[in-house]
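Q: Here is my input, please return the structure:
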Amino acid sequence: MYYAVTSDGEFIEVPKFFRLCEHRLSKLQIRLAKKPKHSKPWKILKRKIAKLHQLIARQRLDWHFKLADHLFSDVSVIFIT
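A: The predicted structure is shown next:
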């Protein structure tokens, strides 16, 4: 599935930021499940998981800004369907 198609025929695909970090995230969540709740190691892992989610969110936001810059600088017509 494509995110956008320009008038020049350029297809812009949706990047898979979550898929790239999915393995690391699942390993951290498995380790978190084995720790006693609210212990110090549990809180450290919880923070690492939150940082990984934040990284994914920031990558998506950065991609949206770069895509908007690309579309408005290079493309003459934009159709939204």
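
Q: Spell out the residue ranges of the strands in the chain.
A: 2-5, 11-13 (DSSP state E).

Q: and these, which one is worst for confidence?
A: Lowest mean pLDDT of the strands of the chain: strand 2-5, a mean of 84.

Q: Need the contact partners of it.
A: Strand 2-5 has contacts (CB atoms under 8 Å, 6 or more residues apart in numbering) with Phe11, Ile12, Glu13, Val14, Leu67, Leu71. All C-beta atoms are positioned from the backbone trio N, CA, C, and that covers glycine.

Q: Swap in 7 Å and give it another go.
A: Phe11, Ile12, Glu13, Val14 (CB atoms under 7 Å, 6 or more residues apart in numbering).

Q: Now for the nearest residue to the last one once chain neighbours are set aside, how many residues are close by?
A: The shortest distance from Val14 to any residue other than its chain neighbours is 4.6 Å, reached at Tyr3 (CB to CB, 6 or more residues apart in numbering). One way to gauge burial is a neighbour count; for Tyr3, by other CB atoms under 10 Å, it gives 12.

Q: circling back: just the buried ones out of the contacts of strand 2-5, please.
A: Among the contacts of strand 2-5, not one counts as buried by 16 or more other CB atoms under 10 Å.

Q: for this protein, what's the longest helix?
A: Ranked by residue count, the top helix of the chain under DSSP state H comes out as helix 40-74.

Q: could you give the mean pLDDT of that one?
A: If you average the pLDDT over helix 40-74, you get 94.

Q: re the thing from before, a markdown table for the contacts of strand 2-5, including distance to His23?
A: As requested, the contacts of strand 2-5 are exported to a markdown table (distance: CB to CB, whole Å):
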| residue | distance to His23 |
| --- | --- |
| Phe11 | 27 |
| Ile12 | 26 |
| Glu13 | 21 |
| Val14 | 19 |
